[in-house]
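Peer 1: Build me a structure from this.
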Amino acid sequence: MATIPSKSTRAPRIAVNGVLLLDKDAGASSNDALIKAKRLLNALKAGHTGTLDPFATGLLPLCFGEATKFAQDLLEADKIYETVVHLGVATATGDTEGEVTETRAVAITQDQIEPVLARFRGEIDQVPPMYSALKRDGKPLYEYARAGITLERTARRVTIHALEFIEYQAPFLTLRVKCSKGTYIRVLGEDIGNALGCGAHLRALRRTGVGTLTLEHAVTLERLTQVADSGRASLLAPVDALLSTFPAVRLSDELAKRFLQGQRLALGKEGMDIPEQAGRVRVYSDVSGRLLGTGQMKDFGVLAPERLVAVGNSAIEATVITL
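Peer 2: Numbers count the residues shown, from 1 in each chain. Purely as a prediction, here's the structure:
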């Protein structure tokens, strides 16, 4: 009698806590990259901190386990990009993935570029593109666009902190951009092309920074695949890599227990070394050095718990990379 082979059993997912600084390849969606990384790490919980267009490359921080509690901070953070703007050619999507909609001659000199760039520095109004994930009546705009429908969109105020000229070899203009959340570099490239009178689309886009995080310690999915299963967690940055801009507060064992129970602590009465100004802080155990979470320092030295970190004994924590 023939025997039926048993189904292979997959190893149970584990609690992995940390941040993977992924250098995303072109062609992959942010969600696809997240799914692959989560599978390679066999992680229970994961999320990304804002999407990169499929044609774009560069820094895509992926949060695992307890780090997902702080992903919103990177959604709000400034971003840095390097981009190549192809002058003279407009596309339906504003990048290389769309059909060419218009071609114009390019007779632009480098001297003409800087005055135009100056107009886009600082606060500007930007109309979101139809090919975007913004939703209207529960449906993303790109679905309307693919059906040939164009909807009116309200301009949004964004900030271009820096717009740096790198190189111009006609018709290709290379720029570095530091911008606020919600900025569409595709739209910026199109608007610059229109201001120059020739139209444009993005030929390449690479994100090099998110908040204080950079590509310095980033790894590709190929690199993650090449590392043995047991060593992949060592490629993650610790959870507090997302919180490096906040002052640190260290609590004694007793105060740490009370903090993790959600109690407000009057640290000023304890004679502790605490931040002089009120605001958000990262909180650690003075004994173990473990991150306990974030809190808000109130007036008179009162610490109010905000987001707490709960790490069990079975969790794998990233402690190798220091940012």
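Peer 1: and A107, how far is that from G197?
Peer 2: 9 Å (C-beta to C-beta, to the nearest Å). No exception for glycine: its C-beta is placed from N, CA and C like everyone else's.
Peer 1: Which one of these two is surrounded by more residues?
Peer 2: More crowded of A107 and G197, by other C-beta atoms under 10 Å: G197, with 15 against 12.
Peer 1: dump the residue contacts of that one.
Peer 2: With contact set as C-beta atoms under 8 Å, 6 or more residues apart in numbering, G197 has these partners: 104, 108.
Peer 1: Tell me if I am right that it is in a strand.
Peer 2: No - applying DSSP: H, G, I helix; E, B strand; the rest coil, one finds G197 to be coil, outside a strand.
Peer 1: Quick one, grab the pLDDT at it.
Peer 2: Looking at G197, its pLDDT reads 96.
Peer 1: One more: K38?
Peer 2: 95.
Peer 1: looking at this, it is in a strand?
Peer 2: No - judged by three-state DSSP, K38 forms no part of a strand; its state is helix.
Peer 1: Tally up the residues packed near it, please.
Peer 2: Based on other C-beta under 10 Å, the number of other residues close to K38 is 19.
Peer 1: Please, where are all the strands along the stretch 101-250 of the chain?
Peer 2: For the stretch 101-250 of the chain, the strands defined by DSSP state E, counting those that start in this stretch cover 122-126, 135-136, 139-140, 156-169, 172-179, 200-210, 213-214, 248-251.
Peer 1: Need the contact partners of the fifth one.
Peer 2: Around strand 172-179, the neighbours that count as contacts under C-beta under 8 Å, 6+ apart are 78-87, 113, 117, 158-168, 183, 185, 188, 192, 200, 203, 209.
Peer 1: What of the last one?
Peer 2: Contacts made with strand 248-251 from outside it, assessed by C-beta under 8 Å, 6+ apart, are listed as 259, 265, 267, 272, 274-275, 281-286, 292, 295, 297, 303.
Peer 1: Ranking by neighbours, what's the top pick from these?
Peer 2: Top of those by neighbour count (other C-beta under 10 Å): V283, with 29 neighbours.
Peer 1: tell me the contacts of the residue nearest to that one when sequence neighbours are not counted?
Peer 2: Spatial nearest neighbour of V283, excluding adjacent residues (C-beta to C-beta, 6 or more residues apart in numbering): L292 at 4.6 Å. Neighbouring residues of L292 by C-beta under 8 Å, 6+ apart: 251, 256, 259-260, 283-285, 308-309.
Peer 1: Tell me the one of those nearest E97?
Peer 2: Closest approach to E97 among the contacts of L292 (C-beta to C-beta): V309, at 39.4 Å.
Peer 1: how close does the closest one sit to F300?
Peer 2: Distance of V309 to F300, given as C-beta to C-beta: 26 Å.
Peer 1: Comparing the two, which residue is more hemmed in?
Peer 2: Neighbour comparison, V309 and F300: the larger count goes to V309, with 21 against 10 (by other C-beta under 10 Å).
Peer 1: Run a quick check on that one versus S285, I expect a contact.
Peer 2: No - at 10.4 Å, V309 and S285 do not qualify as touching, with contact defined as C-beta atoms under 8 Å.
Peer 1: Which parts of the stretch 51-200 of the chain are helices?
Peer 2: 71-75, 110-118, 141-146, 185-195 (DSSP state H, counting those that start in this stretch).
Peer 1: Buried deepest among those, which one?
Peer 2: helix 185-195 (a mean of 21; mean count of other C-beta atoms under 10 Å).
Peer 1: which of the contacts of strand 172-179 are buried?
Peer 2: Among the contacts of strand 172-179, the ones that count as buried by 16 or more other C-beta atoms under 10 Å are 78-87, 113, 117, 158, 160, 163, 168, 183, 185, 188, 192, 200, 203, 209.
Peer 1: any idea which of the contacts of strand 248-251 is least confident?
Peer 2: Among the contacts of strand 248-251, M272 has the lowest pLDDT, at 71.
Peer 1: To which secondary structure element is that one assigned?
Peer 2: When elements are assigned from DSSP states H and E, M272 belongs to no helix and no strand.
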